[in-house]
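Participant: Below are the sequence and a predicted model for it; my questions follow.
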Amino acid sequence: MEKIDTEFLILGAGLSGLFAANLLSRHKKDFIVLEKESFPGGLARTINYKGYKFDVGGHRLNFSSSQNLHFTKDILEGRLLRVKKCSKVFTSGKLVNYPPELIDCFKFFGKTGFKIFLELMRNKNNVHVDSLEEWVETNFGQTLYKLYFKDYTKKVWGIAGNMISKKLAQRRIGSTNLVKMLKNIFVQTGDSIENQQYFYYPEKGMGSIIDKLVENISGVDRVHFATSIKDIQSNNNGTTSLTFIKNEKLYKANFKVLISSIPLIDLLKALDCKQNGFERKVLYRSLILVNLLVDEVRLSDEHWRYIPDPDIIFSRMHEPKNWSKCMVPNGDKTSLCLEIFCDYKDKVWDSDKEILFKKVKSGLRQINPQNGFKITDFCIERIRYAYPFYYLGYEIFVDTIKNNLNMFNNLVLIGRTGTHSYFDIEECFDNVKVAMANLLF
C-alpha cells in the first residue's frame, strides 16, 4: 500500500471540487483531488463527439455577483459570450415563448389569456404552501400552471407537482425572478428582466471552464482520475484517512480536512455511516442525452425547447450551435441535443441506444411532421446523479443526514451533489467560497 500525506483531500473533480482546489492552490495549500471517472467536469463537462460538442445539460450562466462574472471572464481569458435568450414550449400543439409574453397568452390561448392575467395579478403571498403545484398556482394561477408546468413537471420528475417540494419551484423558478418578470410584462412595473433576456455562455462550452480549472492546479499527483474509494477511516476527532484504488494499486491518503463534492449516498457508504435507512431517501433523477449530428446549417434559433407531451420521450431539446458557433466543427452542419429524464436502472435507463434513437426520431416527427432533416450520426450519454430529487418531505431525511455528519468536525460538504442542493453554476461558486473561507481564514 502506497501512502500519501496531504493537508486537504477533495472528493470529486467536478466544478465545485476543482474550484475548491483552485482556491487552495491560490493560498499555497497542500491538497489532492480524487475523481472516480477518467475525466474531470462532472455535471459541468462538455462532451466532444466527432467535433460536435454538447454539455451535460445546457448551462446558461446568469450572474448576480460581478465578482463571479469577472472570475469567469478571467479564467476563460475573455471568451465568454453574452447571448440573447430564445426559449419556447411546445404545448397544446403550439410553439409558445417561455417565459410567456403577453401577446402569446392572447394570441394562442384567446380568452384564456385574460384569465391568466387576472390570476397572475392576485396577491396570495400570505398563503401557506408545501408543494411545487401549490407554489406555482399561488404565484402564477391555476391556468398558467396547467398550460406550462403541470405536464412538464410530471414528465421531468416522474411524479405529479403536488408530490414535489415547493423548494424546487423557489430555487429553479423563483431564482430567475419569473414572477416579477411576468408582472412586468403585463403591467410594466419596471422590474429589471435583464437576467432573463440574456445569458452568458463559454465560447467553447462549459467544459472550457473545467479545463482551465484543471490547468490552474496542474502539478505532480494533484488530481487522481479513475479512482475507486474503498473506505474512509475516522476517530473521535473526525475523519483521518482514506484508502482508494487506482490502476489496481491500493493507496492510503492521510489528511487533516476532507472536502466532499460526491453524492451523499456514496460518501455515507465510504464512511460506513448508516443512517437508519434515511440514506435510501436521498434520491436523484437521472438523465440520458441523445446528441444528433444533423446535415443542416441550422434547425431553429432557439436555445431551449420544452416538451411537456408525455407521449414524446424527451423533455427538452437544444441546438448547441445556437449557444456558440464553436460547438460544431464547421458552419455548414449543426447538431441537436435531446434530454430524456428517467430513474437509474428503470426501463428507459436500461433501453438499448438504438431503441432510444428510434423513439427520439418518432418524437421529432410528432413535433414537426412536415419538416424532416437528415441525421448522419448520433451518440448517447447517461448521467446517473443528474438532479437532486426534491420530493415532498425530502428535507427531513437530507437535513438529518447532514446534521449527523457534523460529528466529523473536519468534513466539509460542497457543491450541488455534495450538499444535495439544486445549485446553478454561480450558486456552486458561492457555496464553495463560503466553505473555503471558513477553512482558510
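Facilitator: Done, it's in. Numbering: from 1, shown residues only.
Participant: Can you tell me which helix or strand of the protein has the lowest average pLDDT?
Facilitator: helix 178-187 (a mean of 49; mean pLDDT, DSSP states H and E).
Participant: Let me see the ranges of the strands in the stretch 51-200 of the chain.
Facilitator: Counting by DSSP state E, counting those that start in this stretch, the stretch 51-200 of the chain has strands at residues 52-55, 80-84, 87-91, 94-97, 198-202.
Participant: wait, I meant the stretch 251-400 of the chain
Facilitator: For the stretch 251-400 of the chain, the strands defined by DSSP E, counting those that start in this stretch cover 257-260, 284-294, 304-306, 316-318, 334-342, 375-388.
Participant: need the ones you listed in a markdown table with mean pLDDT, distance to S65 and mean neighbour count, can you?
Facilitator: Bear in mind the C-beta positions are built from the backbone N, C-alpha and C, glycine included. Output for these, formatted as a markdown table (pLDDT from 0 to 100; distance: least, CB to CB, whole Å; neighbours: other CB atoms under 10 Å):
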| stretch | mean pLDDT | distance to S65 | mean neighbour count |
| --- | --- | --- | --- |
| strand 257-260 | 98 | 22 | 25 |
| strand 284-294 | 97 | 28 | 21 |
| strand 304-306 | 94 | 24 | 20 |
| strand 316-318 | 96 | 26 | 23 |
| strand 334-342 | 97 | 28 | 24 |
| strand 375-388 | 97 | 23 | 18 |
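Participant: quick one: which of those is nearest D231?
Facilitator: Closest approach to D231 among the strands of the stretch 251-400 of the chain (CB to CB): strand 257-260, 12.6 Å.
Participant: who does that closest one pair up with?
Facilitator: With DSSP bridges as the test, strand 257-260 is paired with strand 8-11 (parallel), strand 411-413 (parallel).
Participant: So what's the residue count around N409?
Facilitator: A count of nearby residues for N409, using other CB atoms under 10 Å, gives 11.
Participant: Tell me the secondary structure at it.
Facilitator: When classified by DSSP: H, G, I helix; E, B strand; the rest coil, N409 comes out as coil.
Participant: For the strands of the stretch 251-400 of the chain, give me TSV that also has distance to K402.
Facilitator: Shown next, in TSV, are the strands of the stretch 251-400 of the chain (distance: least, CB to CB, whole Å):
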stretch	distance to K402
strand 257-260	11
strand 284-294	16
strand 304-306	32
strand 316-318	30
strand 334-342	26
strand 375-388	13
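Participant: Indicate which one of the ones you listed is closest to L411.
Facilitator: strand 257-260 (5.0 Å).
Participant: got the contact list for that closest one?
Facilitator: Outside of strand 257-260, the residues within contact range by CB atoms under 8 Å, 6 or more residues apart in numbering are 7-12, 17, 20, 232, 238-239, 242, 267, 408, 410-414, 418, 435, 439.
Participant: Filter the residues you listed down to just the buried residues.
Facilitator: The neighbour count (16 or more other CB atoms under 10 Å) marks 8-12, 17, 20, 232, 239, 242, 267, 408, 410-414, 418, 435, 439 as buried among those.
Participant: Measure how far stretch 295-313 is from the centre of its chain, please.
Facilitator: Relative to the mean C-alpha coordinate of its chain, stretch 295-313 is positioned 19 Å out (CA atoms, centre = their mean, to the nearest Å).
Participant: first vs last residue of it, how far apart are they?
Facilitator: Start-to-end span of stretch 295-313 (CA to CA, to the nearest Å) is 23 Å.
Participant: buried residues in it?
Facilitator: Buried residues in stretch 295-313, counting neighbours by 16+ other CB under 10 Å, are found at L299, S300, E302, H303, W304, R305, Y306, I307, P308, D309, I312, I313.
Participant: Can you give me the pLDDT of the closest residue to the first one other than its chain neighbours?
Facilitator: Spatially, and ignoring its direct neighbours in sequence, L299 is nearest to E319 (5.6 Å; CB to CB, 6 or more residues apart in numbering). On pLDDT, E319 comes in at 96.
Participant: Next: A13.
Facilitator: In this model, A13 is scored at 97, pLDDT.
Participant: so how many other residues sit close to R82?
Facilitator: Neighbours around R82, by other CB under 10 Å: 9.
Participant: Contact partners for it?
Facilitator: Residues near R82 by CB under 8 Å, 6+ apart: Y198, F199, Y200.
Participant: how about the residue nearest to E302 when sequence neighbours are not counted, what does it touch?
Facilitator: Setting aside the residues directly before and after it, E302 is nearest to C86 in space (CB to CB, 6+ apart), at 5.1 Å. C86 makes contact with D301, E302, H303, N322, according to CB under 8 Å, 6+ apart.
Participant: any idea which of the contacts of R82 is least confident?
Facilitator: Y198 (90).
Participant: For the nearest residue to F341 once chain neighbours are set aside, give its distance to R45.
Facilitator: Spatially, and ignoring its direct neighbours in sequence, F341 is nearest to V156 (4.9 Å; CB to CB, 6+ apart). Using CB to CB, to the nearest Å, V156 is found at 21 Å from R45.
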